[in-house]
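Trainee: Quick one, fold the following:
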Amino acid sequence: MFEALSDRLAAALKRFSGRGRLSKEDVEVGLREVRVALLEADVNFRVARAFVDRIRERAVGSDVLESLTPGQQIVKIVNDELVALLGGEQRKIQYQPRPPTVIMLVGLQGSGKTTTAAKLALSIRRDGHRPMLVAADITRPAAVQQLQKLGLDNQIPVAAPDNPKTKVAQLCARGVAEATRLNCDVVILDTAGRLQIDEALLNELKDIKKATTVHETILAVDAMTGQEAVNVAKGFDDAVPVDGVILTKLDGDARGGAALSMRETIGKPIMYCGTGEKVSDLEAFAPDRMASRILGMGDVLTLVERAQEQFDQKKSEEMIERSFSGRLTMDDWLAQLRQLRSMGSLEGVLGMIPGGRKMIQQAGAAMPSEQDLGRMEAIVLSMTLQERRHPELIKGARRKRIAMGSGTTIADVNRLLKGFEQMQGMFKSLGGKGTKGVRGKARMLKQLKNIDPSQLGQPGF
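Mentor: Here you go, the predicted model:
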């Protein structure tokens, strides 16, 4: 979502780099480009103007203009102001000392609210809590069944109406009572949405608040709607005060203006953001990390957290040992590929590495897509158990069978096997020479530099 903004900001801030001194005119030219970049990203014009004014106030000062490294200081100022614009500190759910903590999820129809309810429950469970979902949307057809299916697939209890004539407020109260009985300490109410904010919707939400104590009211808004998402948030907050916002579909191709305008426009923090279609694709929104991503400085902390969630340390250590001893099998390679894919798209993972955006741009069409990775997985799955353990057995006839079974070509199979053989040889040689110490690491880096970058886009790498 922030790719275009990142590129424009990088170009604007590049004006400040490598300069011994900066005049007020230099600062004004650079800030003009920053403002244009924000406006093109669909940021509210008042927010963009206030943002640039704050940077100007801090930048046009003796501490910057007389500095020997003014460019670095201005980048720091932009980063600090961007963090403040996105909300400053991370806002987390405030769990009650006497459970259950009741969270009411509200939003318009089509914002992805029901799926977000399941995503939120899964995120809360990862934090060590015991969530329960309440299917309080009896207006939209199949909304109750959708939530029940999501709950069943992810082992999350769901309270659903047993009578279509049950009032929504009564259903929510029963859901909280059921959560207490089942020892669930968090209750998420998936309320009904409408195509627009109307009196019937607001009255229903008010009735729920009267029937049960709601501790957190969280609004789900579609980031793809741009500034309209800000207007929707303002409308809900005026009628039924909200405590925070979840931005859904942040992985889309919208320009990011909603995320940058939300806090300053309505004064409410973004608490989570949806980053994909999977139920696990919900991230806690950290303003400092998001600002770092936007400025192209990566987000190593989130990347490490994702890796810790997806990778089994003991299995990873065993796999590394087999790799360096030359005993890596296709099953091991397939497990590594699946773990990488579970962390998100390859572009998303690279985007969290400092300089990752530049790597993506340099790779261009050679960057493996999700379709490429899926094709590689299909090739391995078309092999027999013996072939996965001993890829050297795969000759002409077997390669043809594997290609037909995976819906790929023999050339695809050949590239994957060649890449796997090269990787085996590289790790084996490194393992034989030893990788401990400075010399070992230097040899590893030298070997890695010899890999043709264009091969990264081919099956087998």
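
Trainee: what comes up buried for the helix or strand where Leu201 lies?
Mentor: Taking DSSP states H and E as the criterion, Leu201 maps to helix 199-211. Within helix 199-211, the residues scored as buried using 16 or more other CB atoms under 10 Å are Leu201, Leu202, Glu204, Leu205, Ile208, Lys209, Ala211. Yep, even glycine has a C-beta here, placed from its N, CA and C like the rest.

Trainee: do stretch 244-254 as well
Mentor: Gly244, Val245, Ile246, Leu247, Thr248, Lys249, Leu250, Asp251, Ala254.

Trainee: is the fifth one in a bridge, and if so with what?
Mentor: This means Thr248. Asp222 (DSSP bridges).

Trainee: my guess is it meets Ala117, correct?
Mentor: No - using CB atoms under 8 Å, Thr248 is not in contact with Ala117, being 11.1 Å away.

Trainee: all strands of the protein, in order?
Mentor: Counting by DSSP state E, the chain has strands at residues 101-106, 131-136, 158-159, 186-191, 216-222, 244-248, 270-274, 282-284.

Trainee: list the buried ones in stretch 384-398?
Mentor: Applying 16+ other CB under 10 Å to stretch 384-398 flags Glu387, Arg388, Pro391, Ile394, Arg398 as buried.

Trainee: which residues touch stretch 201-215?
Mentor: 94, 96, 101-104, 106, 136, 167-170, 172-173, 176, 189, 191-194, 239-240 (CB atoms under 8 Å, 6 or more residues apart in numbering).

Trainee: per-residue confidence averaged over that stretch?
Mentor: For stretch 201-215, the mean pLDDT works out to 89.

Trainee: How far away from the center of its chain is it?
Mentor: A distance of 31 Å separates the centroid of the chain from that of stretch 201-215, by CA atoms, centre = their mean, to the nearest Å.

Trainee: Make residue 1 into 232 and carry on from there
Mentor: Will do, 232 is the new start, and the previous item becomes stretch 432-446.

Trainee: Could you check how far the residue nearest the centre of the chain is from Lys350?
Mentor: In the chain, the centroid-proximal residue (CA atoms, centre = their mean) is Thr506; its distance is 4.0 Å. Distance of Thr506 to Lys350, given as CB to CB, to the nearest Å: 10 Å.

Trainee: Contact partners for Leu420?
Mentor: Val333, Ile334, Met335, Leu336, Val365, Ala367, Cys403, Gly406, Ile439, Val445 are the contacts of Leu420 under CB under 8 Å, 6+ apart.

Trainee: and the residue lying closest to the second one once chain neighbours are set aside, how far is that from Leu624?
Mentor: What it means is Ile334. Leaving out its chain neighbours, the residue that sits closest to Ile334 by CB to CB, 6 or more residues apart in numbering is Glu447, at 4.5 Å. The gap separating Glu447 from Leu624 is 58 Å, by CB to CB.

Trainee: same question, Leu565
Mentor: 17 Å.

Trainee: Okay, now the unreliable bits of the stretch 232-381 of the chain?
Mentor: Applying pLDDT under 70 to the stretch 232-381 of the chain picks out residues 232-235, 246-253, 292-302.

Trainee: Based on its surroundings, how many neighbours for the closest residue to Val611 other than its chain neighbours?
Mentor: In space, Val611 comes closest to Leu565 once its chain neighbours are excluded; the distance is 4.7 Å by CB to CB, 6+ apart. By other CB atoms under 10 Å, 17 other residues sit near Leu565.

Trainee: Look up the pLDDT of Leu565 for me, please.
Mentor: On the pLDDT scale, Leu565 gets 82.

Trainee: Now do the contacts for it.
Mentor: Glu608, Val611, Leu612, Arg619.

Trainee: For the last one, give me its contacts.
Mentor: With CB under 8 Å, 6+ apart as the criterion, the residues that contact Arg619 are Thr560, Met561, Asp562, Leu565, Val611.

Trainee: quick one: which of the contacts of Leu420 has the most company?
Mentor: Val365 (32 neighbours).
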